[in-house]
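Colleague: how would this look folded up:
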Amino acid sequence: MSNIVFEEIHAGTYTRKQQLFFRYTFMVLIDLTVLNLIDQFWGFVFIESFLISLLAAILLQVLLKVTIHLEHLAAGYFKDKPGLKPKIYRGLSAWAILFVSKILSLELINLAFGKSVLFTGPVHGLVAFITVVTVILLTEQVFSRLYRSLG
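Modeller: Here you go, the predicted model:
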């Protein structure tokens with residue numbers, strides 16, 4: 001019976017829309033789990049309810065994908081240019097986009113959820129927010145690598 005679980009059986013093909021749906025649903029669930037665990041165990045993060053954390057996870061996923069897309073656009077612009085200056089500009093633009101996006105994301109979450117989602121502590125909660133985003137990104141990377149290793 002246990003051998004059936006590990007048999008290599010072709011699972012069929014999936015459309016691009018199905019793959020994207022699965023990927024983003026999976027990532028939102030990761031974000032939701034991380035948000036709720038951090039809310040439960042760290043006093044600098046407060047989320048009023050499960051529904052609010054689900055909506056915050058969806059918003060965070062959208063904001064993270066927009067940020068990564070913008071960073072890749074900027075990197076692509078400088079990528080093919082020769083010399084040292086474009087490499088420096090590429091690094092600086094990536095840093096600026098990632099840093100400014102965190103401040104904007106924190107403000108968008110504040111506008112969307114008000115006192116239902118609070119990041120407190122040093123630098124008006126920015127440190128807590130960046131910590132949460134970093135943990136989310138690291139967790140997504142771990143699960144993505146695990147998923148790819150299974151293929």
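Colleague: run through this protein and note the low-pLDDT ranges.
Modeller: 1-11 (pLDDT under 70).
Colleague: ok, Gly43 - contacts?
Modeller: With contacts defined as C-beta atoms under 8 Å, 6 or more residues apart in numbering, the neighbours of Gly43 are Thr120. Where you see a C-beta, it was placed from the backbone N, CA and C, and this is true even at glycine.
Colleague: secondary structure class for it?
Modeller: coil (DSSP: H, G, I helix; E, B strand; the rest coil).
Colleague: need the phi and psi values for it.
Modeller: phi -70, psi -10 (degrees, to the nearest 10).
Colleague: tell me how far it lies from His124.
Modeller: For Gly43, the distance to His124 equals 15 Å [C-beta to C-beta, to the nearest Å].
Colleague: do Leu98 as well
Modeller: Taking C-beta to C-beta, one finds Leu98 at 19 Å from His124.
Colleague: could you do Lys87 as well?
Modeller: Taking C-beta to C-beta, one finds Lys87 at 34 Å from His124.
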